[in-house]
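1. build me a model:
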Amino acid sequence: MSEEGSRGSRFPLRLVQVAKAPATSKSAVLRPQAPLHQAHADAARAASPSGLGLDSADVRRRMVQRLQAAGLQNDAVMAALSSVPRHLFVDAALATQAYEDTSLPIGHGQTISKPSVVGRMLELLMGGTSARRSGSLGKALEIGTGCGYQAALLARLARQVVSIERLRPLHEKALALLGPLNLMQLRLVYGDGMRGHPPNAPYDSIIAAAGGEALPPAWLEQLAIGGRLVAPLVEPRSQRQVLVVVDRHEGGYEHSIHEAVKFVPLKSGLGN
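-> Numbers count the residues shown, from 1 in each chain. Next comes the predicted model:
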């Protein structure tokens, strides 16, 4: 790991850009940028919906109770869902729908996933060997920060979280929304998620919010032994998207297929 990468492992919430590496390079190069202007956080706070009764813990608790009735079982995941105010991560015009089990647009052709899907993926992640043994997701990598809601949940379930986003406007939006939460174990990266994030690998847990026809080799390489990866994947025969769980053992990888889902396509490169 480079000296620069080592400093980043202390996990202050800050803007980090991963420069495009030459074709022959095997690792990413970190280029820390200047912190975003305080106006980003000020604007996010000014736009936060209020006066709608959404700040009540009871609102989040009722959402979790509905998810529990539908099959969610993991206590740690339910506690995380109960603690993170989802309405802060959606546009003010959609705030009244924040605690319904629905996906909502967050701009740039992306969405914040349904709470039931987020809960299910986190529950699957908590079922990995390392997570069951420690009761934590350990060192986690999220592919696709989006608006930052799932990153906030991961920060309550993991010891360290690296969340990577390829669309710069969404990366900056997440930084502004997550900044006031003061999650020191969370690090946001602006970079190509298909390459993972080598400087902090290996990861005990990897979760993706976009799906393609194959899992990028970098994700599998960066998964620790005893770790678990959860991601959407397109089935070749049916062409439907399903959740795939990959567990890495001493002797290799074990795959299992779960329910159908609908996520945005996995893309490479950076977007502005």
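2. what are the boundaries of the strands in this structure?
-> Counting by DSSP state E, one finds strands in the chain at the ranges 15-19, 29-32, 104-107, 110-112, 139-143, 160-165, 186-190, 203-208, 210-211, 223-234, 241-249, 252-260, 264-265.
3. so which residue is dead centre in the protein?
-> residue 142 (3.8 Å; C-alpha atoms, centre = their mean).
4. how near is that residue to residue 186?
-> 9 Å (C-beta to C-beta, to the nearest Å). Bear in mind the C-beta positions are built from the backbone N, C-alpha and C, glycine included.
5. which residues do these two both contact?
-> 151, 154, 161, 163 (C-beta atoms under 8 Å, 6 or more residues apart in numbering).
6. most neighbours among those, which one?
-> residue 151 (31 neighbours; other C-beta atoms under 10 Å).
7. tell me the contacts of that residue?
-> 142, 145, 161, 163, 174, 178, 186, 188.
8. next one: residue 258
-> 124, 242, 243, 244, 245.
9. for residue 52, give me the pLDDT.
-> With respect to pLDDT, residue 52 scores 51.
10. so where is this protein shaky, pLDDT-wise?
-> Applying pLDDT under 70 to the chain picks out residues 1-53.
11. can you give me the helices in it?
-> 3-8, 38-47, 57-69, 75-83, 115-126, 129-134, 149-154, 168-178, 217-221 (DSSP state H).
12. dump the ones you listed to JSON lines, plus distance to residue 267.
-> Below are the helices of the chain laid out as JSON lines (distance: least, C-beta to C-beta, whole Å):
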{"stretch": "helix 3-8", "distance to residue 267": "25"}
{"stretch": "helix 38-47", "distance to residue 267": "25"}
{"stretch": "helix 57-69", "distance to residue 267": "29"}
{"stretch": "helix 75-83", "distance to residue 267": "28"}
{"stretch": "helix 115-126", "distance to residue 267": "20"}
{"stretch": "helix 129-134", "distance to residue 267": "28"}
{"stretch": "helix 149-154", "distance to residue 267": "18"}
{"stretch": "helix 168-178", "distance to residue 267": "13"}
{"stretch": "helix 217-221", "distance to residue 267": "15"}
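13. can you say which of the ones you listed is packed in most?
-> helix 149-154 (a mean of 26; mean count of other C-beta atoms under 10 Å).
14. was I right about residue 224 contacting residue 248?
-> Yes: counting by C-beta atoms under 8 Å, residue 224 does reach residue 248; the two are 6.8 Å apart.
15. these two: who's more crowded?
-> For residue 224 versus residue 248, neighbours defined as other C-beta under 10 Å are more numerous around residue 248 (24 against 18).
16. how deep is the residue lying closest to the more buried one once chain neighbours are set aside tucked in, by neighbour count?
-> Excluding its sequence neighbours, the residue lying closest to residue 248 (C-beta to C-beta, 6 or more residues apart in numbering) is residue 223, at 4.7 Å. As a burial measure, residue 223 scores 25 neighbours (other C-beta under 10 Å).
17. same thing with the one 4 residues further on?
-> As a burial measure, residue 227 scores 26 neighbours (other C-beta under 10 Å).
18. which residues touch it?
-> 128, 129, 130, 138, 202, 203, 204, 205, 206, 247, 248.
19. shouldn't residue 233 be in contact with residue 214?
-> Yes: here residue 233 lies in contact with residue 214, judged by C-beta under 8 Å, at a distance of 7.5 Å.
20. between those two, which one's more packed in?
-> residue 233 (22 against 10).
21. what is that one paired to in the beta sheet?
-> residue 212, residue 242 (DSSP bridges).
22. need the nearest residue in space to residue 103, chain neighbours excluded.
-> Closest to residue 103 by C-beta to C-beta, 6+ apart is residue 111, at 4.4 Å.
23. shouldn't the one you found be in contact with residue 262?
-> No: assessed by C-beta under 8 Å, residue 111 is found out of contact with residue 262, at 9.4 Å.
24. so between those two, which is more surrounded?
-> Taking neighbours as other C-beta under 10 Å, residue 111 and residue 262 compare with residue 111 leading, 18 against 13.
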